[in-house]
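[1] Let's see this in three dimensions:
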Amino acid sequence: EIVAMRAAGFDRGRIAARVLAAVLLATLAIVVFGETVVPAAETRARVERERARDGQVGIGDGQALWVRDGDRVFRADVLAWDERGELRFGNLRIYALDASFRPVALTTARSARHEPGRWLLERVHELDLETGRASRRIDERAVPSGLDPGVFRALVTRPRLLPIRDIQRIRRYLEATGLDAGAYREAFWRRVVYPLNVVAMVLVGLPLVFRGGRTASALVGVFAGIAVGVAFIVVQRIGIGLAPVVPLPAGIVHALPALVFGAVGFRLISRA
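    From the prediction side, this is the model:
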């Protein structure tokens with residue numbers, strides 16, 4: 001097909017431009033789908049699965065998590081993984097219920113962790129809804145819990161699967177509370193440079209197609225393509241690992257492998 005197109009008068013530039021246009025259109029559709037449909041559907045699927053098990057978990061507007069734990073109802077705006085791989089809850093509201101399921105007290109907490117048998121709340125304020133009396137801030141408080149911690153690990157989406165708006169929201173929360181937000185910064189830049197990575201791989205792969213004539217071995221072409229793809233992934237992972245220590249902006253470090261491979265591919269296309 002390439003030989004026929006070249007014989008019909010299509011030069012390498014026109015062929016590459018049409019390929020890139022199709023790839024960019026498909027990439028745009030993937031990005032939009034990954035930012036809108038997929039995260040919401042995945043989160044709702046996780047919540048519905050846990051709700052079907054015990055009925056104690058729900059989800060509200062803005063993806064806030066609602067959890068029933070004994071005579072308390074917890075609302076958490078943020079669920080995030082910290083630097084130790086532990087699940088953190090942020091911006092909590094905890095409603096204490098009486099025997100008639102009426103809220104009688106409200107507790108707010110800046111952050112919390114859930115351990116077997118208890119919640120550990122930090123920066124706690126309490127308000128008696130019946131008397132209106134508020135307590136002073138408590139740095140840390142333990143609240144009994146009858147929930148299995150595995151429920152929450154099944155609910156939380158890993159950073160790489162979140163939409164950019166949630167990645168940024170959780171990153172700001174972690175930074176404000178003094179926690180390591182490295183995983184969410186990395187997920188943000190991976191999402192941003194994803195279209196650039198796709199274009200770079202297409203550019204570096206096109207020379208293999210142009211050089212493959214009627215006599216070229218398909219097996220050699222496939223092997224070369226796999227080798228280039230593996231090399232790109234290795235270089236990209238090395239760059240991501242070095243990003244925290246390299247004295248360059250994180251965006252440049254994450255985009256550098258794609259820029260280098262894309263430039264090499266463009267140069268090879270012009271000489272193919």
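
[2] now the longest helix anywhere in the chain, how far from the centre of its chain.
    If you go by DSSP state H, the chain has its longest helix at helix 12-54. Its chain's C-alpha centre and that of helix 12-54 lie 13 Å apart, by Cα atoms, centre = their mean, to the nearest Å.

[3] Packing partners of the helix or strand that L79 is a member of?
    Assessed by DSSP states H and E, L79 sits inside strand 72-81. With contacts defined as 3 or more Cβ pairs under 8 Å, 6 or more residues apart in numbering; DSSP states H and E, the packing partners of strand 72-81 are strand 65-69, strand 87-97, helix 164-176. (Glycine included, C-beta is placed from N, CA and C.)

[4] Now with 10 Å, please.
    strand 65-69, strand 87-97, strand 103-115, strand 118-128, strand 138-144, helix 150-155, helix 164-176, helix 182-211 (3 or more Cβ pairs under 10 Å, 6 or more residues apart in numbering; DSSP states H and E).

[5] Give the residue spans of the stretch 101-250 of the chain that score low on pLDDT.
    149-157, 211-218 (pLDDT under 70).

[6] For G90, grab the count of nearby residues.
    With neighbours defined by other Cβ atoms under 10 Å, the count for G90 comes to 21.

[7] measure the closest residue to it other than its chain neighbours to T177 for me?
    The shortest distance from G90 to any non-neighbouring residue, by Cβ to Cβ, 6 or more residues apart in numbering, is to V78 (3.2 Å). According to Cβ to Cβ, to the nearest Å, V78 and T177 sit 10 Å apart.

[8] More neighbours: these two, which one.
    A direct count of neighbours by other Cβ under 10 Å for V78 and T177 places V78 higher, at 20 against 17.

[9] G9 in helix, strand or coil?
    Assigned with DSSP: H, G, I helix; E, B strand; the rest coil, G9 falls in the coil class.

[10] any idea how far it is from S135?
    Distance from G9 to S135, by Cβ to Cβ: 81 Å.

[11] the more surrounded of those two?
    The neighbour comparison of G9 against S135 (other Cβ under 10 Å) goes to S135, with 12 against 7.

[12] residue contacts, L242?
    Applying Cβ atoms under 10 Å, 6 or more residues apart in numbering, we find L242 in contact with L248, V253, L256.

[13] There's contact between the last one and V246 in this structure, I believe.
    Yes: under the criterion of Cβ atoms under 10 Å, L256 lies in contact with V246, with a separation of 9.4 Å.

[14] Please enumerate the shared neighbours of those two.
    G239.

[15] The two: which has the busier surroundings?
    L256 (18 against 13).

[16] pretty sure the more buried one is in a helix, no?
    Yes: per three-state DSSP, L256 lies within a helix segment.

[17] check contacts around it.
    Counting by Cβ under 10 Å, 6+ apart, L256 has contacts V193, V235, Q236, G239, L242, A243, V246, L248.

[18] Make a ChimeraX selection of whichever of those turn out to be buried.
    In ChimeraX, this line selects whichever of the contacts of L256 come out buried by 16 or more other Cβ atoms under 10 Å:
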select :193,236,239,243
